[in-house]
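Chemist: this is the structure alone, sequence omitted:
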């Protein structure tokens, strides 16, 4: 990974606290795919690339003998290690383009909202090297273009506020974020394995407080860039967005919950025998 946008200690703390954990539906999809490929053998090693603060590492760890979370940010890894997890998880400093694993040693390579930061050809060459025969890749994320908010009869207005925040931050957005919003189409096409497919619309609904949604926005790389260049304006954006959300909902507390509708995608691929 050649992009270093998530390394500050405060940013890592926000990331750990407010980033959405991938849903059970996505986890089950990955495990079902693996089950078809493993021919009854136990699942040994999984590697979570761009693991950040370890959300999907902890989700998958119970299903493997060992799981390694790999990230280029020591700040993110410190946050991951501070969370009570599973004894079979190890967090290590490292990049998706230079994997510290032996040839044909990995059962699963996964990346959650991270693969758009990878250098595709170098990452795919390493994936081909380290995966076992019939080992799998699972690259997942969510489509922010389809995120919707709901509370009573004001869902459209809440969603519009959210999208207006994205518009403000658009000039500070890395081109790699558009790769994620395009659901990794080019990376999918470049995967060299014949056995590959994508699931493009995994619908998820859950509750989210105004406070948590603002924290999620604050965790974005584009917000962090905006905050570094215009710190007062960035804080004002958060304050005004909080006020607008609460006015629409008719509430005073930022702990008031809305319903959030998200659309996840998942790319699955298996190395040939």
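Modeler: On my side now, so go ahead. It should be emphasised that the depicted structure is a prediction, and the values quoted were computed from it without experimental measurement.
Chemist: the strands in the stretch 1-150 of the chain, which residues?
Modeler: Counting by DSSP state E, counting those that start in this stretch, the stretch 1-150 of the chain has these strands, from start to end: 45-49, 66-71, 89-93, 106-112, 131-142, 148-150.
Chemist: C-terminal to the last one, what's the next element?
Modeler: Meaning strand 148-150. helix 155-169 (DSSP states H and E).
Chemist: got any ranges where the protein has weak pLDDT?
Modeler: For the chain, the stretches with pLDDT under 70 are 1-13, 15-16, 175-181.
Chemist: re the thing from before, for the strands of the stretch 1-150 of the chain, give me CSV that also has mean neighbour count and distance to residue 246.
Modeler: For glycine as for every other residue, the C-beta is placed from the backbone atoms N, C-alpha and C. Shown next, in CSV, are the strands of the stretch 1-150 of the chain (neighbours: other Cβ atoms under 10 Å; distance: least, Cβ to Cβ, whole Å):
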stretch, mean neighbour count, distance to residue 246
strand 45-49, 26, 36
strand 66-71, 25, 35
strand 89-93, 16, 37
strand 106-112, 26, 30
strand 131-142, 23, 25
strand 148-150, 18, 13
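Chemist: mind checking which of the ones you listed is nearest residue 78?
Modeler: Smallest distance to residue 78 across those (Cβ to Cβ): 8.7 Å, for strand 89-93.
Chemist: what strands line up against the closest one, and which way round?
Modeler: Looking at strand 89-93 with DSSP bridges, its partner strands are strand 66-71 (parallel).
Chemist: so which residues make contact with the strand it pairs with?
Modeler: Applying Cβ atoms under 8 Å, 6 or more residues apart in numbering, the external contacts of strand 66-71 come out as 44-52, 54, 57, 60-61, 77, 80, 86, 88-96, 99-101.
Chemist: repeat the analysis, applying 6 Å as the threshold.
Modeler: Identification of contacts with strand 66-71 by Cβ atoms under 6 Å, 6 or more residues apart in numbering yields 45-51, 54, 57, 61, 77, 80, 88-92, 94.
Chemist: how about stretch 20-40?
Modeler: By Cβ under 6 Å, 6+ apart, stretch 20-40 touches 55-56, 59, 112, 134, 136, 138, 140, 202, 204, 264, 266, 268, 270.
Chemist: just flag the most distant two among the residues you listed.
Modeler: 134 and 204 (28.9 Å).
Chemist: who touches residue 220 in this structure?
Modeler: Here residue 220 is in contact with no residue (Cβ under 6 Å, 6+ apart).
Chemist: same thing with residue 264?
Modeler: 26, 142, 202.
Chemist: what's the local residue count around the closest residue to it other than its chain neighbours?
Modeler: Once flanking residues are discounted, residue 264 sits nearest to residue 202: 4.1 Å by Cβ to Cβ, 6 or more residues apart in numbering. For residue 202, the neighbour count with other Cβ atoms under 10 Å is 18.
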